[in-house]
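K.L.:
need a 3D model of the following:
(chains A and B)
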Amino acid sequence: MNNILKISIISSFLLGVILPQSVNAQGLTPLKKNWRIANDKKIFQLTLINAYPEEMKYELSAEDKKTKENLSDIKFTARKGRIAAKRQRKVLVYVPVNDASREVRICLRFPAMEDDIRVRVCGDYSFVRTTASIS
Amino acid sequence: MRIEFFKKIIVVNLIAMSVSDAATIEWSGAVVNSCVVTINNHGTLGVAIDGKTMSSDNNTGGLPASVAVMSTGQNLLTIGVPALTLRAVGYTGSPLMNTKYSSNDGHQATWQQTAHEVAIQPGDTIFDVHAQMTDSDAFPVGAYKMTSDVTCAPN
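P.N.:
As a prediction, this is how the structure comes out:
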């Protein structure tokens, strides 16, 4: 009886672990993330979402979070491109972190939708190098 | 002896079945902070009778821009300082430019020349964004456009 209960509990636990962790997020995501990194670079993935009912051209830009200065050393697998209607697109971002820490803001624009209102959706990302990686 | 043994096995199996019938299942998920800004429509500036004010709010024909924000977290919407990006030929003035907004979520702001910052709560919010520019001299005949950056970013 005890063994059966154990099997039942373990099965329930495994079911919870195995079930997919579905994330039904929309827009630029994640919008905020802080990383502790063990070397001088970080590559992470951003998901871009086109909520419009037609295909959209997009542009990504990177700026220093505090100074708003454009950053050219941050690379994207596709800085410009297209996203099909109501679809998502994943883009890899490469951020060099030469100092002890770095804070960047990455913004998504749909130029075709810009007129009197120019919309940007931006995410803030910070990187802190571990002490061992700096010395 | 053997029959008793099989009886015990059957009883154990029945208990096992009843226990397994009560097993629970779970569905796991996570909501990630995200923000989608959709322009429902751009705005239109109406012209005052004296020609000194162009406004989306106060003049005939004026319409606000409509911006929908879908946010899963508490983010910040910034409506930037407006700029005059199209002007009539020969117009060299520097009009006083303002924006204001209201939303279906109770947000409300009055005319101001500086940027607006709006704390967004999770959910859908629809903003009406108004623009207005005024010059002490009447605006010459021609096309004009006021432009403002709208940015959704973490709070």
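K.L.:
which helices and strands sit right next to the lengthiest strand in chain A?
P.N.:
For chain A, the strand with the greatest residue count under DSSP state E is strand A:117-129. Contacting strand A:117-129 under the criterion 3 or more CB pairs under 8 Å, 6 or more residues apart in numbering or on different chains; DSSP states H and E are the following elements: strand A:32-37, strand A:41-49, strand A:101-109, strand B:35-41, strand B:65-71, strand B:145-154. Every residue, glycine included, has its C-beta placed from N, CA and C.
K.L.:
ignoring the adjacent residues along the chain, who's closest to the residue nearest the centre of chain A?
P.N.:
Here the mean C-alpha position of chain A is nearest to the C-alpha of residue A:46 (CA atoms, centre = their mean), at a distance of 3.0 Å. Leaving aside its sequence neighbours, residue A:46 sits nearest to residue A:91 (CB to CB, 6 or more residues apart in numbering or on different chains; 5.2 Å).
K.L.:
what distance do you get for that neighbour to residue B:132?
P.N.:
Taking CB to CB, to the nearest Å as the criterion, residue A:91 is separated from residue B:132 by 38 Å.
K.L.:
mind listing what's buried along the top strand by length along chain B?
P.N.:
Counting by DSSP E, the longest strand found in chain B is strand B:123-134. Residues B:125, B:127-133 are the ones in strand B:123-134 that count as buried (16 or more other CB atoms under 10 Å in any protein chain shown).
K.L.:
report the two of those separated the most.
P.N.:
The two members of the buried residues of strand B:123-134 with the most space between them (CB to CB) are B:125 and B:133, at 26.0 Å.
K.L.:
residue contacts, the residue positioned nearest the centre of chain B?
P.N.:
Centrality entry for chain B: nearest residue to the mean C-alpha point is residue B:69, 1.9 Å, by CA atoms, centre = their mean. Residues counted as contacts of residue B:69 (CB atoms under 8 Å, 6 or more residues apart in numbering or on different chains) are B:35-38, B:77, B:120, B:124-127, B:152.
K.L.:
any low-confidence regions in the chain?
P.N.:
Since no chain was named, I'll use chain A. In the prediction, chain A carries residues with pLDDT under 70 at positions A:1-27, A:133-135.
K.L.:
my bad, chain B
P.N.:
The model of chain B has pLDDT under 70 over residues B:1-2, B:5-6, B:9-21.
K.L.:
could you pull out the helices for it?
P.N.:
Secondary structure of chain B (DSSP state H): helices located at B:2-21.
K.L.:
rewinding a little: what sits against the residue nearest to the centre of chain A?
P.N.:
Counting by CB under 8 Å, 6+ apart, residue A:46 makes contact with A:28-30, A:60, A:90-93, A:106, A:123.
K.L.:
looking at the residues you listed, which are in strands?
P.N.:
Cross-referencing the contacts of residue A:46 with the strands (criterion: DSSP E) gives A:60, A:90-93, A:106, A:123 as the overlap.
K.L.:
ok, of those, which come out buried?
P.N.:
Buried among the ones in strands among the contacts of residue A:46 by 16+ other CB under 10 Å: A:60, A:91, A:93, A:106, A:123.
K.L.:
hang on, the third one packs against residue A:71?
P.N.:
Read that as residue A:93. No. With contact defined as CB atoms under 8 Å, residue A:93 and residue A:71 do not form a contacting pair (11.1 Å).
K.L.:
pull the number of nearby residues for residue 59.
P.N.:
Going with chain A. Burial of residue A:59, expressed as a neighbour count using other CB atoms under 10 Å in any protein chain shown, amounts to 14.
K.L.:
chain B, not that one
P.N.:
Other residues within reach of residue B:59, judged by other CB under 10 Å, total 16.
K.L.:
can you name the residues that contact it?
P.N.:
By CB under 8 Å, 6+ apart, the contact set of residue B:59 is B:45-48, B:53.
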